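Novice: curious how this folds, go ahead:
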Amino acid sequence: MPGAKTNERPGTRAVLRHSGMSATKARQVLDLIRGLPADRAAEMLATTDREAARVIGKVLASAVANAVHNDFQSADELYVSACYADEGATLKRWRPRARGRATRIRKRTTHITVIVSRMSDEQIARRQAARNAATAQRSRRVAGSRRRRAAEAASSAPAAPVEEATTDAIEAGAEATGAVEAEVVEVDVTAADETEAGEEAAAEDGAAEQTGEETGGEAAEEKGE
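Specialist: Numbering: from 1, shown residues only. Predicted structure coming up:
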């Protein structure tokens, strides 16, 4: 049973007519992207060193845009279901040769057609699972790289800041010890002052008692007389 005709194939299409290249050159590039997802096919065309790849890339972008804006499909769910190049009109030119003869020049053209369709649900699920796995792997790789950089930075940190911090702590401890000693000296001086004041008070009390005894003795003598 023959396959579907080129104009009856399902999907959203874009056609470029009368492109200035031969159909053979276009078919060599179209064979690279047939059956690939739309984004993967665009990447393949962007890295192909052929003039036909640049032209076919524009046709593929037009087909994807038609599917998104006209058929309301998602660009991530599209793939290149069909692509082919038909021969167009051939322009005939002449080139003069020796002895009055002429050689025919054939300027060939081609009609390039790219059809994109939606992938099946199973293919979309597998593609999404592969993307999630790649994202998780990249996240783990980035986290591991950050941990390694942090560990290297911690191991290669200079020891001078630690020594400075130790010196500062020692100086702070010395200042605190000096302050405590100053307080102790002040307390000792205060205690000494209090002791001297007590001794002076005791001496004054003793002098007063002696004066009282002398006065009492004199009074007794005067009474006896």
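Novice: without its sequence neighbours, what residue ends up closest to residue 52?
Specialist: With sequence-adjacent residues excluded and distances taken as Cβ to Cβ, 6 or more residues apart in numbering, residue 52 is closest to residue 29, at 4.4 Å. Bear in mind the C-beta positions are built from the backbone N, C-alpha and C, glycine included.
Novice: so where's this structure uncertain?
Specialist: Residue ranges of the chain with pLDDT under 70: 1-7, 158-225.
Novice: outline the domain layout of it.
Specialist: Segmentation of the chain into domains, based on automatic domain parsing, reads 9-119, 120-157, 160-209.
Novice: deepest of those domains, which one?
Specialist: domain 9-119 (a mean of 16; mean count of other Cβ atoms under 10 Å).
Novice: how much space between residue 17 and residue 76?
Specialist: From residue 17 across to residue 76, the span is 29 Å (Cβ to Cβ, to the nearest Å).
Novice: and the helices in the protein?
Specialist: 23-33, 38-46, 51-69, 121-155, 160-224 (DSSP state H).
Novice: hmm, residue 78 and residue 67 touching each other?
Specialist: Yes - Residue 67 is within contact range of residue 78, at 5.8 Å (criterion: Cβ atoms under 8 Å).
Novice: list residues touching both of these two?
Specialist: residue 116 (Cβ atoms under 8 Å, 6 or more residues apart in numbering).
Novice: let me see the contact set for the residue nearest to residue 32 when sequence neighbours are not counted.
Specialist: Nearest residue to residue 32, sequence neighbours excluded (Cβ to Cβ, 6+ apart): residue 44, at 5.6 Å. Residue 44 makes contacts with 32-33, 36, as judged by Cβ under 8 Å, 6+ apart.
Novice: cool, and residue 127?
Specialist: 37, 119.
Novice: okay, residue 24 and residue 124: tell me how far apart.
Specialist: Distance from residue 24 to residue 124, by Cβ to Cβ: 35 Å.
Novice: my bad, residue 59
Specialist: For residue 59 relative to residue 124 (Cβ to Cβ), the value is 24 Å.
Novice: could you do residue 51 as well?
Specialist: For residue 51, the distance to residue 124 (Cβ to Cβ) stands at 34 Å.
Novice: Throw the contacts of residue 44 into CSV and include distance to residue 155, thanks.
Specialist: What follows is the contacts of residue 44, written out as CSV (distance: Cβ to Cβ, whole Å):
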residue, distance to residue 155
32, 49
33, 50
36, 47
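Novice: list just the nearest of these to residue 82.
Specialist: Taking Cβ to Cβ as the measure, residue 82 lies nearest residue 33 of those, at 10.8 Å.
Novice: which non-adjacent residue is nearest the closest one?
Specialist: Closest residue to residue 33 apart from its sequence neighbours, by Cβ to Cβ, 6+ apart: residue 41 at 3.8 Å.
Novice: likewise for residue 16?
Specialist: Leaving aside its chain neighbours, residue 16 sits nearest to residue 112 (4.5 Å; criterion: Cβ to Cβ, 6+ apart).
Novice: swap in residue 45?
Specialist: Excluding its sequence neighbours, the residue lying closest to residue 45 (Cβ to Cβ, 6+ apart) is residue 57, at 4.1 Å.
Novice: now do the contacts for the one you found.
Specialist: Shown in contact with residue 57 (Cβ under 8 Å, 6+ apart): 42, 45-46.
Novice: same check on residue 55?
Specialist: By Cβ under 8 Å, 6+ apart, the neighbours of residue 55 are 16, 19, 21, 26, 112.
Novice: thank you, goodbye.
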